[in-house]
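Colleague: Sharing a sequence plus its predicted fold:
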Amino acid sequence: MTYHSFPREECGVFGVYGHEDAAKLTYFGLYALQHRGQESAGIVASDGSTVTEYKAMGLVNDVFNEERLTQLRGHIAIGHVRYSTTGSSVIQNAQPFRVCHAGGSISVAHNGNLINANKIRKALEDKGSIFQTTMDSEIVVHLIAKSRAKGIEDGIRHTMSIVRGAYSIVLATEDTLIGFRDPYGLRPLCIGRLNDAYILSSETCALDLIQADYIRDVAPGEVVIIDKNGLRGFEAVKSKRRANCIFEFIYFARPDSNIFGRNVYAFRKALGKALSKEVSLDADFIMPFPDSGNYAAIGFSQASSIPFEFAIIRNHYVGRTFIQPSQSMRDFGVRVKLNPVRELIRGKRVVIVEDSIVRGTTSRTRIKAIRDAGAKEITMLVSCPPIKHPCYYGIDFSTKGELIASKKSIDEIRQFLGLDGLHYLSISSMIEASNMTENDFCLACFNGNYPMNIENYKGKFSFER
Ligand code: 5GP
Ligand code: SF4
Ligand code: MG
């Protein structure tokens, strides 16, 4: 039985230039980004001429050990943690993805999802390209390698003019580290500095771990090139508007990270505060489902003066899989990971603050556990609006059928979840809480307005033909 049956996280990327322990720093960086992908991990390193790589299925700590890291020599390294959003879950699809071609070696680690990958791949195959994987990221490498004749910068510029979708990519050649980001800035990517070394990372929490200083984000549409001459950046494609994925703030990113210019913890607390302005409740206490619900719940409690309790306790040692309980042990799964504190809950009017509802299946079993613990009344407040539309930009709720709010009304969802009350934060309050504007964000899974036309790409995205 696996307890990761939700829609999945996407990917984390990391890169180092100019440090003798580049691979080891990358290992630590990936460790901090583990929440962004638990399926496979990989590192490619270079000493300026020789390139070495290692990748495997599993968590960062299982994939790498001292010996493997020592073999990844050099002052340049890039790394990737993956949860598949395109392509299937096999080792060939683990990243970084590397090709050797006439011009040398190119490795990429990609976070995001390209929406026109099928079309480009078909066109490349018609011209004789042979693909090794089912990943959209491989297309990027092919395109860059093909047009590298005029230099890597030109190759990337050309590639960025062709691919559509979400990408925050770190790339390594034998002697250069490069980072680039789609013109909408859908996924985060930042630049850090550790003494003389430069760092690229999906999130700042990884900079903190290796004690690097945050410098700035890679701008939407920008390419940054880091080599022996230092760092330089240029705008490769014009960014007409930003469309930062708001779900990074709501759920994906780590609360100790700053992304898109804002701290994630503070943002989530503000969402909780915004909820308290939309509802007025009489309740004994408010509680989160840890950990993802904690921050909005704290924000709600502080703003509403309803006390906060950790009324359900998490077992931190639950692994990804373990022996299947027998049929008679119903709801076993939820209780392994989270166990309600009966003494607190019995006879009480409880408010649960939850970060998001995707399919509703997890919430339903957790709510049942609170009911079984004797709660008198259960209300759930969700710190984002109903998720009604699929995401084509790298977050794996890609088919509408999975999304409870695309099929059911709020009251039907309330009934399905076994609640006495249910309230979702409105889009306008969410935007107000952000201190940013509606045009800064992608809100497509909430309002159906995709920042780039997805008409041609609808349906479950796949290379499997
Ligand atoms: P549901 O009730 O929709 O089955 O699950 C909702 C719960 O899943 C929430 O607690 C939320 O924090 C979590 N969640 C939302 N999106 C994702 C995701 O992409 N991956 C994982 N692992 N959990 C998610
Ligand atoms: Fe993020 Fe939703 Fe846009 Fe996907 S559709 S990028 S999850 S805001
Ligand atoms: Mg959660």
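Modeller: Arrived safely. Ligands and ions are numbered 1, 2, ... in the order given.

Colleague: Let's test this: mean pLDDT of stretch 42-58, rounded?
Modeller: Across stretch 42-58, pLDDT averages out at 97.

Colleague: Check which residues of that stretch are buried.
Modeller: For stretch 42-58, the neighbour count (16 or more other C-beta atoms under 10 Å) marks 42-47, 51-55, 57 as buried. The way it works is simple: take the backbone N, C-alpha and C, and place the C-beta from them, glycine included.

Colleague: What confidence value was assigned to residue 462?
Modeller: 35.

Colleague: circling back: so of the buried residues of stretch 42-58, which ones are in strands?
Modeller: 42-46, 51-55, 57 (DSSP state E).

Colleague: so what pLDDT did residue 399 get?
Modeller: 62.

Colleague: which pair in the ones in strands among the buried residues of stretch 42-58 spans the largest distance?
Modeller: 46 and 57 (23.7 Å; C-beta to C-beta).

Colleague: Please tell me how far the residue lying closest to residue 99 once chain neighbours are set aside sits from ligand 1.
Modeller: Of all residues not flanking residue 99 in the chain, residue 141 sits nearest, at 5.1 Å (C-beta to C-beta, 6 or more residues apart in numbering). Per C-beta to the nearest ligand atom, to the nearest Å, residue 141 is found 27 Å from ligand 1.

Colleague: need the contact list for residue 141.
Modeller: 97-99, 106-108 (C-beta atoms under 8 Å, 6 or more residues apart in numbering).

Colleague: for the helix or strand where it lies, the distance to its chain's centre please.
Modeller: Assigned by DSSP states H and E, residue 141 belongs to helix 137-146. Here the centre of mass of C-alpha atoms in helix 137-146, compared against the chain's by C-alpha atoms, centre = their mean, to the nearest Å, lies 23 Å away.

Colleague: now that helix: mean pLDDT?
Modeller: On average, helix 137-146 scores 89.

Colleague: Which residue would be the closest one in the stretch 101-250 of the chain to ligand 2?
Modeller: The nearest approach of the stretch 101-250 of the chain to ligand 2 comes at residue 245, 3.2 Å away (C-beta to the nearest ligand atom).

Colleague: Neighbours of the nearest residue to residue 281 once chain neighbours are set aside, how many?
Modeller: With sequence-adjacent residues excluded and distances taken as C-beta to C-beta, 6+ apart, residue 281 is closest to residue 351, at 6.0 Å. Residue 351 has 27 neighbouring residues, counting by other C-beta atoms under 10 Å.

Colleague: Bridged to residue 351, which residues?
Modeller: Beta bridges link residue 351 to residue 286, residue 379, judged by DSSP bridges.

Colleague: for the stretch 151-300 of the chain, what spans make up the strands?
Modeller: Assigned by DSSP state E, counting those that start in this stretch, the stretch 151-300 of the chain shows strands spanning 165-172, 177-181, 190-194, 197-201, 213-217, 222-227, 230-235, 244-245, 258-259, 262-263, 285-288.

Colleague: Thank you kindly, that will do.
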